[in-house]
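Trainee: Can you look at this prediction? I've put the sequence above it.
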Amino acid sequence: MCAPNMSGPECCKNPPTLSSSSGNGCVLQLGGFNTYVSGLSTSKLAILLVSDVYGYEAPNLRKIADKVAAAGYYVVVPDFLYGDPYNPENTERPLSIWMQSHDKDKRFEDAKRVVAALKDKGISAIGAAGFCWGAKVVTDLAKIDYIQAAVLLHPSLVKVDDIKEVRAPIAILAAEIDKISPPERIKQFEEILSSKPEVDSFVKIFPNAKHGWTVRYNVENKESVQRAEEAHRDMLDWLTKHVKYSVKGSGFSSVRSPRSSM
């Protein structure tokens, strides 16, 4: 059912119940895309979140956006799937077929449009985090001077050669139980990044975590929630280090500590 480098059930497991009305923010047009936005539009610091195959209406993803926004950022979650999130119940369109309609290179061009729109709004620094399918988009942004920091959460489609080209500070949060991004591959990524002292990096493999645990967790399961929130804190710490402090004189005293905001 799944596309190359996204094989196995992990990429499709625990699909969310989509809801366009979830979250504390609202949906606006940004760079030509329907975009969930959260936080103060007057902030000079923005975070771009790129969804997994289930898209920008996933309630957990919007909760994450709201958490990041509470730390003082303007958070944007564009609909890079053009209103066409993956539907596991559509047996006539398995993921391998769905993926053909959502070329990762096209999504990279889409992301550049959103980054440009943020800069046109006067944003001074931008961080980006990508979940599963979205991690490849963020990795590509990290290869050029478009963002100040990148976070990959249980990445899919990301290859060793991609990591070799990364220029922006990058954090990789991975799962111990993951056939799509197995620990062996993540350790390869870590070795490459360790050989690039000019690129600040952070790599962490979460014990007992499964692919998708940061965004497709069961909100009724205390352990799942705690594990996801740990990853969210690590993500926000990284973004704070490289986005919040990358621009001087931006009124950072109003930005709460990431640990307290989560």
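Mentor: Good, I have the coordinates. Just so you know, these numbers come straight off a predicted model, no measurement behind them.
Trainee: I'd like to know how many residues surround the residue lying closest to residue 52 once chain neighbours are set aside.
Mentor: Excluding the flanking residues, the one nearest residue 52 by C-beta to C-beta, 6 or more residues apart in numbering is residue 132, at 3.8 Å. All C-beta atoms are positioned from the backbone trio N, CA, C, and that covers glycine. Around residue 132 there are 27 other residues, counting by other C-beta atoms under 10 Å.
Trainee: Residue 132 against residue 212, yeah?
Mentor: Yes. In this structure, residue 132 is within contact of residue 212 by C-beta atoms under 8 Å, at 6.2 Å.
Trainee: Give the helix, strand or coil label for residue 198.
Mentor: coil (DSSP: H, G, I helix; E, B strand; the rest coil).
Trainee: Model confidence for it, exactly?
Mentor: Looking at residue 198, its pLDDT reads 95.
Trainee: Equivalent analysis for residue 92, please.
Mentor: The predicted local confidence for residue 92 is 89.
Trainee: Likewise for residue 246?
Mentor: With respect to pLDDT, residue 246 has a value of 70.
Trainee: again with the one 10 residues further on
Mentor: In the predicted model, residue 256 carries a pLDDT score of 33.
Trainee: got it, and the one 3 residues further on?
Mentor: We have a pLDDT of 34 for residue 259.
Trainee: Low-confidence regions, the stretch 1-150 of the chain specifically.
Mentor: By pLDDT under 70, the weakly predicted segments of the stretch 1-150 of the chain are 1-22, 104.
Trainee: try it again with 80
Mentor: Applying pLDDT under 80 to the stretch 1-150 of the chain picks out residues 1-23, 103-105.
Trainee: Next, the contact list for the residue nearest to residue 52, please.
Mentor: By C-beta atoms under 8 Å, 6 or more residues apart in numbering, the contact set of residue 132 is 11, 52, 53, 153, 154, 155, 156, 180, 211, 212, 215.
Trainee: cool, residue 52 as well?
Mentor: Residues counted as contacts of residue 52 (C-beta under 8 Å, 6+ apart) are 11, 58, 61, 131, 132, 133, 134, 212, 215, 216.
Trainee: let's go with 6 Å and repeat that
Mentor: By C-beta atoms under 6 Å, 6 or more residues apart in numbering, the residues touching residue 52 are 131, 132, 133, 134.
Trainee: Phi, psi for it please.
Mentor: Per-residue torsions, residue 52: phi -80, psi -170 (degrees, to the nearest 10).
Trainee: all numbers from here: first residue = 26
Mentor: Sounds good: first residue 26 from here, last item residue 77.
Trainee: Just give me how far stretch 248-258 sits from the chain centre.
Mentor: 15 Å (C-alpha atoms, centre = their mean, to the nearest Å).
Trainee: repeat for stretch 253-269
Mentor: Worked out by C-alpha atoms, centre = their mean, stretch 253-269 lies 11 Å from the chain centre.
Trainee: buried sites along it?
Mentor: Residues of stretch 253-269 classed as buried by neighbour count (16 or more other C-beta atoms under 10 Å): 253, 255-257, 259-269.
Trainee: And stretch 111-119, by the same measure?
Mentor: By neighbour count on 16+ other C-beta under 10 Å, the buried set for stretch 111-119 is 111, 113.
Trainee: Give me the common contacts of residue 157 and residue 237.
Mentor: Shared contacts of residue 157 and residue 237 (C-beta under 6 Å, 6+ apart): residue 179.
Trainee: Doesn't residue 71 lie inside a helix?
Mentor: No. Counting by three-state DSSP, one finds residue 71 to be strand, located in no helix.
Trainee: In the protein, which strand is the longest?
Mentor: Scanning the chain for the strand with the most residues, using DSSP state E, yields strand 226-235.
Trainee: sorry, back to before: mark which of the buried residues of stretch 253-269 are part of strands, please.
Mentor: Among the buried residues of stretch 253-269, no member falls in strands (DSSP E).
Trainee: Check these against residue 221 and report the nearest one.
Mentor: residue 267 (15.2 Å; C-beta to C-beta).
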